[in-house]
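> fold the stuff below for me.
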Amino acid sequence: MRNKVLCVSILMLCVFTAFASVHAAPPQREKQNVYGITPWTGKEYGGTFAPKGVDKMCLLAGTNNVINTLETEVYFWPITNEYMANWFESKAVIDGRLQILQDGKEVQLLDRQPYAHMYPEGFYGGIAQLLVGEEAEEKYQEYQDAIDNYWKAIVEYREDYTAYEQRMGEILQEVTETGKTYSEDELPTPPEQPEPPVWYVTGVTEAFIVNLPVGEYTVRTIDAEGNIVEGTEKKLKVFEKRRSGVGYQIIPESKWTRPVQSDDASQIMYLEGKRTMYLKAFHEAEYNQHDYLRMTSLEKPLAGKGAESAYMWVHEEEVPDAKVQVLQAGEVIEEAETKPYYVKQTSGYALGYEIVDFDPDADEFAGRRPSFEAIKLELEPGSYQIRVVDASGQVLHSSVREIRSINTVPMWQLVLLSLIPLVVGIIVVIRRRRGRMQASKLVTA
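Now for the predicted structure:
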């Protein structure tokens, strides 16, 4: 009875909570002058903004960062504890120039420049490149021309394919009526379908391109008369990486969707028994954690709080043409290079998969792309070192890692080990009972 009452109470609480959340007052929106920021994070272009409640921004030194002064509606979203901007319904560019000061002196006065982002490997699979000025406009026009040429080629392809089908129909009818045979060389060749451009360029827009050395600055937007636009004066910290190295992304064969990272050369990787794993090597940089998180998530008031003295590694670009050497007792016993692999689901009712080499010429992989590319290592139990060598054979700094693969104890041995206390206990009990029985017989005699 008590359990039923408890279940009913929980159900009523859930219903009340859902009802309250549906009818809760919407968050209060406020028109604000903000900075929309697209910072270079060391590996990609991020996106954040500086609302009225944020008085300090952070950017990486020596890189192009995009900043724009905008008016929008801002509200605080308590569920995720962050400020949100209503970009879709309210977004207006504030005219003016960006003034950058250091120690009270103007060091830069920036006008807006046209810019665009180019994705050489496609919008969903690559890293963006920032194009500025005439280059942005030229590349965008080049991309538009490539798209136009692709659709023209599609029209021609459809016309050619229609003609091809019509000719094949005529040949088939002729063969049916007359019995005439055609050799393979006499048959028409089907037209090839054109491929769309893989690369992508966003539309050209205008913003301030900020590139500064390390230091503390003040930024503000000034209008045509030189007056400071309200709410646009903020502090700016420009920081740099503390050190560089080589990091690994480790893809276990048994959990390929859950890779782990090894960022520091002092880390030791432990394996259980014989293991197969796949490695990716990255150039990496170590940044102050507070500054980095404030740069990438400025809209979150708690981002980076309490981490002013902490540092974090960030994987940047993948090491090109990398090879991994495996050493044991100081000697190279194996050298592996990057190869493509495909994750194939196992057939039947059992849920599982296997990772196989990807062969683009094999029929089973026709029209498919590799699931990932990595360096495959199969290690027996033992102690090893791994390191990365570049295309010239040079060992990359900070790429050495210790690997210790430990033999596992079979399950039956563990079960047997757990039974030892039980057996000892039984023996003790039996001996005590025998002693009592012998003592009682002596007393009776």
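> hey, let's count contacts and neighbours off CA atoms from now on
Fine.
> shaky segments in this structure?
Along the chain, segments meeting pLDDT under 70 span 1-25, 124-125, 348-351, 407-417, 439-445.
> quick one, helices of it?
Taking DSSP state H as the test, the helices found in the chain are 2-22, 134-178, 289-296, 411-444.
> packing partners for the second one?
In this case it means helix 134-178. The helices and strands touching helix 134-178, judged by 3 or more Cα pairs under 8 Å, 6 or more residues apart in numbering; DSSP states H and E, are strand 113-119, strand 200-201.
> dump these to a markdown table, plus mean neighbour count and distance to residue 301.
Formatted as a markdown table, the helices and strands packed on helix 134-178 follow (neighbours: other Cα atoms under 10 Å; distance: least, Cα to Cα, whole Å):
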| stretch | mean neighbour count | distance to residue 301 |
| --- | --- | --- |
| strand 113-119 | 20 | 28 |
| strand 200-201 | 23 | 33 |
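> find the residue closest to residue 160 in space, skipping its chain neighbours.
Closest residue in space to residue 160, ignoring its immediate chain neighbours: residue 191 at 6.5 Å, by Cα to Cα, 6 or more residues apart in numbering.
> is that neighbour in contact with residue 161, as I believe?
Yes: using Cα atoms under 8 Å, residue 191 is in contact with residue 161, at 6.1 Å.
> how about the contacts made by residue 67?
Residue 67 makes contact with 35-38, 207-210 under the criterion Cα atoms under 8 Å, 6 or more residues apart in numbering.
> cool, residue 75 as well?
By Cα under 8 Å, 6+ apart, the residues touching residue 75 are 27-30, 83-85.
> what does stretch 144-156 rub up against?
Stretch 144-156 is touched from outside by 193-197, with contacts defined as Cα under 8 Å, 6+ apart.
> kindly report the same for stretch 104-124.
Here stretch 104-124 has contacts from 96-101, 126-134, 136-137, 140, 198-209, using Cα under 8 Å, 6+ apart.
> again, 6 Å this time
Residues outside stretch 104-124 that contact it (Cα atoms under 6 Å, 6 or more residues apart in numbering): 97-101, 128-133, 136, 198-202, 204-208.
> what does stretch 304-315 give?
By Cα under 6 Å, 6+ apart, the surrounding residues in contact with stretch 304-315 are 282, 284-290, 293.
> the spatially closest residue to residue 139 that is not a sequence neighbour and residue 143, how far apart?
Spatial nearest neighbour of residue 139, chain neighbours left out: residue 201 (7.2 Å); criterion: Cα to Cα, 6+ apart. Distance of residue 201 to residue 143, computed by Cα to Cα, to the nearest Å: 6 Å.
> ok, back up a step: what's the most distant pair in the contacts of stretch 304-315?
282 and 290 (22.6 Å; Cα to Cα).
> looking at these two, which is more packed in?
The neighbour count for residue 282 versus residue 290, taken as other Cα atoms under 10 Å, is higher for residue 282 (22 against 19).
> pretty sure that one contacts residue 321?
No: here residue 282 lies out of contact with residue 321, judged by Cα atoms under 6 Å, at a distance of 11.3 Å.
> residue 318 touches residue 282, doesn't it?
Yes: when contacts are counted by Cα under 6 Å, residue 318 is listed as touching residue 282 (4.2 Å).
> mutual contacts of these two, please.
Contact criterion Cα under 6 Å, 6+ apart; residues shared by residue 318 and residue 282: none found.
> coming back round to it: closest one to residue 299 out of the contacts of residue 75, please.
Distances from residue 299 to the contacts of residue 75, taken as Cα to Cα, are shortest for residue 83 (5.2 Å).
> you'd agree that closest one is up against residue 301?
No: Residue 83 lies out of contact with residue 301 (Cα under 6 Å); the separation is 8.0 Å.
> who has more neighbours, those two?
Shown here are residue 83 and residue 301; by other Cα under 10 Å, residue 83 has more neighbours (19 against 14).
> report the beta-bridge partners for that one.
Applying DSSP bridges to residue 83 gives these bridge partners: residue 76.
> which residues touch it?
75-77, 299.
> so which of the residues you listed wins on neighbours?
When neighbours are counted by other Cα under 10 Å, residue 299 leads these with 22 neighbours.
> how about that one, phi and psi?
Backbone torsions for residue 299, taken as degrees, to the nearest 10, come to phi -70, psi -10.
> which residues touch it?
Taking Cα under 6 Å, 6+ apart, we find residue 299 in contact with 49, 82-83.
> redo that, cut-off 10 Å
By Cα atoms under 10 Å, 6 or more residues apart in numbering, the contact set of residue 299 is 47-51, 53-54, 76, 81-85.
> over to residue 346?
352-354.
> likewise residue 208?
Residue 208 sits next to 37, 64-69, 97-98, 109-115 when contact means Cα under 10 Å, 6+ apart.
> if we use 6 Å, what do you get?
66-68, 112.
> now do residue 395
Neighbour list for residue 395: 388-389 [criterion: Cα under 6 Å, 6+ apart].
> roughly how far does it sit from residue 147?
43 Å.
> same check, this time on residue 120
According to Cα to Cα, residue 120 and residue 147 sit 15 Å apart.
> identify the bridge partners of residue 288.
Residue 288 has these beta-bridge partners by DSSP bridges: residue 311.
> and it, how many neighbours does it have?
Quick note: residue 288 (other Cα under 10 Å) scores 19 neighbours.
> next one: residue 336
Residue 336: 15 surrounding residues under other Cα under 10 Å.
> which residues touch it?
Residue 336 is in contact with 323-324, counting by Cα under 6 Å, 6+ apart.
> generate a ChimeraX selection restricted to the buried entries among the contacts of residue 67.
Selecting only the buried entries of the contacts of residue 67 in ChimeraX, with 16 or more other Cα atoms under 10 Å as the criterion:
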select :35,36,37,38,207,208,209,210
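> now stretch 146-155: buried residues?
For stretch 146-155, burial by neighbour count (16+ other Cα under 10 Å) applies to 146, 150, 153-154.
> could these go into TSV alongside distance to residue 58?
As requested, those are exported to TSV (distance: Cα to Cα, whole Å):
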residue	distance to residue 58
146	38
150	42
153	47
154	47
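> before we move on, back to that, could you identify which of the contacts of residue 346 has the most neighbours?
residue 353 (14 neighbours).
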